[in-house]
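K.L.:
no sequence on hand, only this structure:
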């Protein structure tokens, strides 16, 4: 069964721990990287003896991001059909897997603050299932014969926070998604064991803002599931152990593309005028995040066999 790990601070010490009910069992390995943790577990250098350490109650520790920099952060866009529609894309014509990247500078804790920069007005949320690679990929993988469970070491909750008024008008996906605190990760690093990969499709994703359900979907609704996506990535890039793949967000984001008539009308306008109207229209949507808003996000199977914990985030003004 998959094991839950956290990276935490207790008093002045940063360490990794194994989660056991409401306790954390320290591993006494210090503030090592996610990559080094996974390597240590794979090579059995890190011992998981629940009797060797005095447990600490979870409420007494500060949970940190279980994903550490530096790492490559690869993202998938419009990987759920309904989200494609609300983004203004036609799922029937979008026959390609959309990849982009996000800066690891944006990494932050799963329980804490997301800072909205002063110039950003259209701040959006995106719950995503995060994958941590457990093996280097240097050559193309044959989608028909390779085993994805050999390459997926762990899972975690990601929130791909996005400044839509930067991302879209400026065509700056990297910039619009990479401000500091725009990548809450964790709280749990769920390290998989043999047989766990088959349970990924059963994971249920839910995100609320101020108690209102905004996003809800199952991982089996992805257009391009992990096996396909990893095989395609291997055909054009190199992956290193510890690198990250964010597998896309379901419907329910604050962003909603203008209707077809408005899009046709806007196509006759100068570029800057078109985006002025876009921003003006989006500002009428109350779903965009405001200072003081609280986001809660969970990813787990219904039977609890796989549980990635809960993110609790508050929006603060920069």
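P.N.:
Cool, got the structure. A quick note: this is a predicted structure, and the numbers were derived from the prediction, not measured. Numbering: from 1, shown residues only.
K.L.:
contacts and neighbour counts: CA atoms only from here.
P.N.:
Noted.
K.L.:
the stretch 1-150 of the chain: helices as residue ranges?
P.N.:
34-42, 81-86 (DSSP state H, counting those that start in this stretch).
K.L.:
what's the most buried one of the ones you listed?
P.N.:
helix 81-86 (a mean of 19; mean count of other Cα atoms under 10 Å).
K.L.:
need the mean per-residue confidence for that helix.
P.N.:
The average pLDDT within helix 81-86 is 81.
K.L.:
could you count how many residues lie near residue 127?
P.N.:
32 (other Cα atoms under 10 Å).
K.L.:
the nearest residue to it once chain neighbours are set aside: neighbour count?
P.N.:
In space, and not counting its chain neighbours, residue 127 is closest to residue 159: 4.6 Å by Cα to Cα, 6 or more residues apart in numbering. Look at residue 159: counted by other Cα under 10 Å, it has 28 neighbours.
K.L.:
tell me the predicted confidence for residue 159.
P.N.:
pLDDT for residue 159: 98.
K.L.:
tell me the domain ranges of the chain?
P.N.:
Domain assignment for the chain by automatic domain parsing gives 3-64, 73-317.
K.L.:
could you single out the most deeply buried of these?
P.N.:
In terms of average neighbour count - mean count of other Cα under 10 Å - the standout among the domains of the chain is domain 73-317, at a mean of 18.
K.L.:
need the helices of the stretch 1-150 of the chain in a markdown table (columns: distance to residue 3).
P.N.:
Output for those, formatted as a markdown table (distance: least, Cα to Cα, whole Å):
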| stretch | distance to residue 3 |
| --- | --- |
| helix 34-42 | 11 |
| helix 81-86 | 31 |
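K.L.:
right, so of these, which gets closest to residue 138?
P.N.:
Closest to residue 138 of the helices of the stretch 1-150 of the chain, according to Cα to Cα: helix 34-42, at 17.0 Å.
K.L.:
can you give the contact residues for the closest one?
P.N.:
For helix 34-42, contacts defined as Cα atoms under 8 Å, 6 or more residues apart in numbering pick out 46-47, 66-68, 134, 153, 241-242.
K.L.:
what's the offset of that helix from the middle of its chain?
P.N.:
Mean-position distance between helix 34-42 and its chain equals 20 Å (Cα atoms, centre = their mean, to the nearest Å).
K.L.:
on the three-state scheme, residue 205 is what?
P.N.:
Put simply, residue 205 is strand when judged by DSSP: H, G, I helix; E, B strand; the rest coil.
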